[in-house]
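>>> Kindly generate the corresponding structure for this input.
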Amino acid sequence: MLAALAIAELATPGALRTIDRALYEREAAKMENVWLKAQEQVTQVLLGEIKEMTARMADRMTPGPDGKPKVFRDTLVGNMQEWLDLFEKRDLSKDDQLIAYVKDIRKMIGGIKPEQLRDSETLRKGLAKEMSNMTAKLEQAIIERPGRMIDWDEAPVLQP
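Below you'll find the predicted structure:
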């Protein structure tokens, strides 16, 4: 019931079409704009989250100033895998670029266990480089995307 109510609030009333076609078209365009803005905001959030995770993984896989491997918890890999597993449920916009990044990250960490990263310096270095490169790509994607657009000319409709 609540889901139907929430959806109804995001739709332009169909009865409005028969009352005033121009008003209906304007309201339908507003609703489309609201939906597009929401999709872009979700994509921005997802890009930011995965960028932070790739940056953290790159940092933990890179040796410290003394040249020794940094300590990391199993959750570093587990959290990344969990985020990737939930991605499809959270991605409302179906953004092709974001989906491609997620596929690339899945390939990078697919099947890797924390123990393997602890035992193999070569694997750590390779993953650190891949994650650093991915972080840079994600950062660029965030910069290139339009920010939140606010329409200052749109006056709120006040109802008595």
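
>>> So residue 67 versus residue 129, what's the distance?
17 Å (Cβ to Cβ, to the nearest Å). Bear in mind the C-beta positions are built from the backbone N, C-alpha and C, glycine included.

>>> So for those two, which residue has more residues nearby?
residue 129 (13 against 6; other Cβ atoms under 10 Å).

>>> what does the helix or strand harbouring that one rub up against?
Element membership of residue 129, judged by DSSP states H and E, is helix 121-144. When contacts are defined by Cβ atoms under 8 Å, 6 or more residues apart in numbering, helix 121-144 is touched by residues 44, 47-48, 50-51, 54-55, 57-58, 61-62, 69, 97-98, 101, 104-105, 108-109, 112, 116-117.

>>> Just the ones in strands from the residues you listed, please.
With strands taken from DSSP state E, there is no overlap with these.

>>> Just the buried ones from the residues you listed?
44, 47, 50-51, 54-55, 57-58, 61-62, 98, 101, 105, 108-109, 117 (16 or more other Cβ atoms under 10 Å).
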